[in-house]
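Novice: no sequence on hand, only this structure:
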């Protein structure tokens, strides 16, 4: 299965989980968010593309950190912004 997923997803060996259930950018401006994603490079937790500010994808494109996990309760998947691929963990 590993040869069927992108190299960015394959590189994740240990999952980084959120520290708090907040978008670290939206909380600064008191903006709402819908779902949270945690960057697997630096560990920042930000809002998804269904949220008004789309902080997680902006972070990925700005920093080059391609992989996030869903930080929603009960969801166990990784997403690569660069290759637009998802895999469960």
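Specialist: Looks like it arrived, so ask away. Remember, it's a predicted structure, so these values are computed and weren't measured experimentally.

Novice: run a quick neighbour tally on residue 71.
Specialist: 22 (other CB atoms under 10 Å). Glycine gets a C-beta too; all of them are placed from N, C-alpha and C.

Novice: which ones are touching it?
Specialist: Applying CB atoms under 8 Å, 6 or more residues apart in numbering, we find residue 71 in contact with 17-18, 21, 35-38, 45.

Novice: return the subset of these lying in strands.
Specialist: Using DSSP state E, the subset of the contacts of residue 71 located in strands is 36-38, 45.

Novice: turn those into a markdown table, including neighbour count.
Specialist: Below are the ones in strands among the contacts of residue 71 laid out as a markdown table (neighbours: other CB atoms under 10 Å):
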| residue | neighbour count |
| --- | --- |
| 36 | 25 |
| 37 | 29 |
| 38 | 22 |
| 45 | 25 |
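
Novice: okay, the residues you listed in TSV with pLDDT and distance to residue 27 next?
Specialist: Below are those laid out as TSV (pLDDT from 0 to 100; distance: CB to CB, whole Å):
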residue	pLDDT	distance to residue 27
36	98	11
37	98	15
38	98	15
45	98	10
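
Novice: export those as JSON lines, with columns for distance to residue 28.
Specialist: Formatted as JSON lines, the ones in strands among the contacts of residue 71 follow (distance: CB to CB, whole Å):
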{"residue": "36", "distance to residue 28": "15"}
{"residue": "37", "distance to residue 28": "17"}
{"residue": "38", "distance to residue 28": "17"}
{"residue": "45", "distance to residue 28": "13"}
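
Novice: let me know the closest of those to residue 73.
Specialist: residue 36 (10.1 Å; CB to CB).

Novice: surely residue 15 meets residue 40?
Specialist: Yes - taking contacts as CB atoms under 8 Å, residue 15 lies within contact range of residue 40: 7.2 Å.

Novice: mind listing the shared neighbours of those two?
Specialist: By CB under 8 Å, 6+ apart, the residues touching both residue 15 and residue 40 are 69, 78.

Novice: compare neighbour counts for the two and give me the winner.
Specialist: residue 40 (22 against 11).
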